[in-house]
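> show me how the following folds:
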Amino acid sequence: MENVTLGVAVLVSILVVILRPSIAFAVYIAALLFYPSYLSVKLGTLDVTAGRMITAVLLARCLVSHELRSSFKWQRLDSWIAISMVVYVGMTLIAIHPLSEAVENRAGFLVNTCFAYFVARFCISSRASLNTAIKWICVALVPLALLGIIESFTGWQPYLATMSYCPWYEEGITISPRSGIMRAIGAFGHPIMFGSAFALFLPIVYALRHERGYQRALAYPVSILLIVGALSSMSSGPWVAVIFTIICLAMEHFKKLLKPALVGFVFCCIFVEIASNRPFYHVVVSYANPLGGSGYHRAKLIDCAVEHFGEWYLKGYGGQDPGWGEFLGMDRTDVTNEFILAGVQYGLLGVVALSCVLTAAVQASVRLHNSSSDLQSRTLAWALGSTLAVTIITFISVSFFGQMIPLFYSFLGIIGSSSSWIRQPDLVAKRPERSSLSEYSRKYSNGVSLGV
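So this is what the prediction gives:
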């Protein structure tokens, strides 16, 4: 499969070089959606995936383009991304030995995260370019959703056989059905990641409903297909993500109720904890797990992180297993919580860095919404914020891996880009007022008092 992987990487790399940036970005996202990250090309001691090669080529194309460089404006979210990368890389270099192993690990990590983020920052320079990218991403998401439906109801999983070529999977992978329905995995290798990909794009696809022409016609049927695609994973994580996404999108029509709802949620958590005499998250996983699965494992994982805080807060576990598997009822520690995973890998600084990036992204989406006057921009800002809110909730029970990492950082890059251009309609709207005032001043400048 190395020749196939290299061939796909070369072909897509050529496309992202010759196509205009917004379409090149969509092609890049499509490559992540359809080609597995567990298939790689061996270069010495490195396992280089097609996604990483395409990311590097596309970023290089952006950096050599004077037009893209000149339109790039550094944003606050960019700073937090850079700071988080320093923490993630620095803590790994301190904790993992030998140093060569740590450097190899972080090189691939930077391509999946930092490079993916700045690819989106350069390629998405306006709302029009974002709409173009979303339109072509929809073209990729539709067959992916149909594949999920086929996998669920027929049991045919064309990508499953390719996992035997994965260099770090020594044993075969089996996907067990739930409720008599097969769990779709697509090219992601895991049902949770497959379903999460649809939930990630659902809000911004639905935001197309306020655009003109055929883009508006795309919004509703494609959104329904994305929901079905997420549900075809038959995993509680994507199901919960879809439920909360629908709630967040519905709240756009009841914005005045948002703050009371959040305050009410906090008081409900406090009441549940007092009334049940146990942590509220134990109660949540007991009743908010629509498909069963290992929900209680996630609550016990939080217990382990709190109990062993003194072991990991300084620099994590140095890339080693925390040793919580026996308490969790498994052979190894499966850290299915993004915040705990950051702590286990990088210590408390890693948790703080992740939280700061997410906070900065939320603040950026709020500023986009509040500074926009037109309906399309406000809807887009709400969609971006909804995706962030749902992702934060998802992170409590899911940790991203594989293609979901560059997909998520590309989404953060979209937020970083949009914060620099979303205010443009407002600025344009104010210019006539300033010009009118200038004309008025010139008209009465010849000794006429304005009563000031």
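
> buried set for the helix or strand that contains residue 134?
Secondary structure from DSSP states H and E places residue 134 in helix 127-154. Neighbour counts over helix 127-154 (16 or more other Cβ atoms under 10 Å) mark 127, 129-138, 140-142, 144-145, 147-148, 150-152 as buried. The way it works is simple: take the backbone N, C-alpha and C, and place the C-beta from them, glycine included.

> kindly indicate whether residue 48 is helix, strand or coil.
strand (DSSP: H, G, I helix; E, B strand; the rest coil).

> pretty sure it sits against residue 39.
No - with contact defined as Cβ atoms under 8 Å, residue 48 and residue 39 do not form a contacting pair (10.5 Å).

> ok, now which ones touch residue 325?
331, 332, 333, 334 (Cβ atoms under 8 Å, 6 or more residues apart in numbering).

> strands of the protein, start to end?
Using DSSP state E, the strands of the chain run over residues 40-43, 46-49.

> and of these, who's closest to residue 271?
Nearest of the strands of the chain to residue 271, taken as Cβ to Cβ: strand 46-49 at 47.1 Å.

> confidence-wise, which of the contacts of residue 325 comes last?
Lowest pLDDT of the contacts of residue 325: residue 331, 82.

> for the residue nearest the centre of the chain, give its distance to residue 20.
The centroid of the chain falls nearest to residue 408 when counting by Cα atoms, centre = their mean (2.2 Å). Using Cβ to Cβ, to the nearest Å, residue 408 is found at 24 Å from residue 20.

> do residue 401 as well
31 Å.

> same deal with residue 177?
On the measure of Cβ to Cβ, residue 177 and residue 20 end up 43 Å apart.

> what about residue 160, how many residues nearby?
Counted with other Cβ atoms under 10 Å, residues neighbouring residue 160 total 15.

> can you pull the poorly scored residue ranges out of the protein?
Within the chain, the ranges that satisfy pLDDT under 70 run 169-173, 286-295, 421-452.

> quick one: contacts for the residue lying closest to residue 363 once chain neighbours are set aside?
Setting aside the residues directly before and after it, residue 363 is nearest to residue 76 in space (Cβ to Cβ, 6 or more residues apart in numbering), at 7.8 Å. Residue 76 is in contact with 360, 363, 364, 419, counting by Cβ under 8 Å, 6+ apart.

> coming back round to it: tell me which of residue 48 and residue 39 has more neighbours.
Using other Cβ under 10 Å as the criterion, residue 48 and residue 39 rank with residue 39 on top: 23 against 20.

> is the more buried one in contact with residue 7, as I believe?
No - in this structure residue 39 lies outside contact range of residue 7 using Cβ under 8 Å: 11.5 Å.

> joint contacts of the two?
Contacts common to residue 39 and residue 7, judged by Cβ under 8 Å, 6+ apart, are absent.

> could you export the contacts of residue 76 as JSON lines, including neighbour count and distance to residue 99?
Formatted as JSON lines, these follow (neighbours: other Cβ atoms under 10 Å; distance: Cβ to Cβ, whole Å):
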{"residue": "360", "neighbour count": "23", "distance to residue 99": "31"}
{"residue": "363", "neighbour count": "16", "distance to residue 99": "36"}
{"residue": "364", "neighbour count": "25", "distance to residue 99": "36"}
{"residue": "419", "neighbour count": "24", "distance to residue 99": "37"}
